[in-house]
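Chemist: make a model of this:
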Amino acid sequence: MEFGLSSEQTLLQDSVNRFLAEQIPLDVVRKIATDDSSDAHCWSGLTDLGIPGLLISEANGGLGLSNLDAAVVSELLGYHVTPSPFISSAVIAPATMQAAGRGEDLLGSVATGEIRIGIAFAEGIAARNNAGLSADGGKLSGKSLFALDSQANYYLVSTNAQEIYLVDANAQGLSRSNLTTVDRTRSTCELTYDKVDALLISDDPEVFRVALDAGLVSLSADTLGASQCALDQAVTYAGQREQFNRVIASFQAVKHMCAEMAASLEPCRSMVWYAAHALEEIPQESTMMASHTKAHLSEVGQFVTRTATEVHGGMGFTDLVGLHYWFKRTGFNRQLLGSPELLRERAARIQGLAA
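Modeler: Sure, this is the predicted structure:
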């Protein structure tokens, strides 16, 4: 069986990669990360390419493409460490609303880039100290930690029972405070609710599962892209840096480091593609594959970006090279939407290996 990208997906890949390379270079990423600038410029350019509407059905004003298409784009966003709300607004939000059949009237505006929808699913994934929220008569009280996208117009919020509510960012009683994480290319915030009016999107845990699986696969692809770029930078540097009148790529120890990174990373692409394919075509395997893929990529990504930094030696820690942006991206992705340990436990329960 031959499994690969179609000609349309390859064209999408080339178009997005060209835009990111030309319009969102590392200098732009560095400015956003160091100055806490808005990522609106990046998102506007991606909107012109139709990226926000990738997973939104044509009936709701989007392109109606597949999760594999989203994985292709997500890998490129990770490769270029692009600041954007792609995971939240273009992946998890459409997956949630279309699975639930509610709130879809907003998706047309999401596809055109007029509004952004943030995600606050942490409380539905695992309990957190001094957080958690409750709903009473359509009003929310409590707190959500690490909500994605501090610039969003709306938020999809999960309770501990995996009920999902839609909240207007300007709703009375809602306050949000920016959080500083290791990855400054993504904005996160803390949401505090004081009897905030909210629209119930779903009280079905199955909808939460579908949305979470879509987010896990796209995050895996993002980590894959970031790791691939770190490996490419390490190989290029090793071929240029000289010691003792020889390029360091000729040293056996450096060869082994680069070969180990490549050998660890190469099978991950097939794993990500299969997981994305399973979301729509093999639903009975989708949750297991999404969980295993995110868990595995989290560990491989951390290994590759750390080893790539070691290949660079002392230069790897400097902002001039900027390798730390990719290192921090994979580190943040590792914990986002569930740690490897939590996701492997989730997969084990599905497979009947744990209670």
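Chemist: okay, buried residues for the helix or strand containing T34 please.
Modeler: If you go by DSSP states H and E, T34 is part of helix 26-35. Residues 28-30, 32-33 are the ones in helix 26-35 that count as buried (16 or more other C-beta atoms under 10 Å). For glycine as for every other residue, the C-beta is placed from the backbone atoms N, C-alpha and C.
Chemist: what's the answer for stretch 156-176, then?
Modeler: For stretch 156-176, a neighbour-count test (16+ other C-beta under 10 Å) marks 156-160, 162-167, 169, 174, 176 as buried.
Chemist: returning to what we had before: centre of the chain to the helix holding T34, how far?
Modeler: Chain-centre distance of helix 26-35: 19 Å, with C-alpha atoms, centre = their mean, to the nearest Å.
Chemist: cool, and stretch 11-20?
Modeler: With C-alpha atoms, centre = their mean, you get 18 Å for stretch 11-20.
Chemist: pLDDT wise, what is the residue positioned nearest the centre of the chain at?
Modeler: Ranked by distance to the mean C-alpha position of the chain (C-alpha atoms, centre = their mean), the top residue is L219 at 3.5 Å. Note on L219: pLDDT of 97.
Chemist: can you check the one 3 residues further on too?
Modeler: In this prediction, D222 carries a pLDDT score of 98.
Chemist: separation between it and A122?
Modeler: From D222 across to A122, the span is 18 Å (C-beta to C-beta, to the nearest Å).
Chemist: just the helices in the stretch 201-350 of the chain please.
Modeler: Using DSSP state H, counting those that start in this stretch, the helices assigned to the stretch 201-350 of the chain run over residues 205-238, 252-281, 283-311, 323-335, 340-350.
Chemist: make CSV out of those helices and add distance to S74.
Modeler: Shown next, in CSV, are the helices of the stretch 201-350 of the chain (distance: least, C-beta to C-beta, whole Å):
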stretch, distance to S74
helix 205-238, 4
helix 252-281, 9
helix 283-311, 11
helix 323-335, 10
helix 340-350, 17
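Chemist: of those, which stretch is the most buried?
Modeler: helix 205-238 (a mean of 25; mean count of other C-beta atoms under 10 Å).
Chemist: how far is that helix from where the chain is centred?
Modeler: Distance, centroid of helix 205-238 to centroid of chain: 7 Å (C-alpha atoms, centre = their mean).
Chemist: what's it packed up against?
Modeler: Contact here means 3 or more C-beta pairs under 8 Å, 6 or more residues apart in numbering; DSSP states H and E; on that basis helix 205-238 packs against helix 67-79, helix 93-100, helix 122-125, strand 164-168, helix 252-281, helix 283-311, helix 323-335.
Chemist: where in the protein is pLDDT low?
Modeler: Applying pLDDT under 70 to the chain flags the ranges 1-2, 130-131.
Chemist: what's the domain layout of it?
Modeler: 7-111, 117-203, 206-350 (automatic domain parsing).
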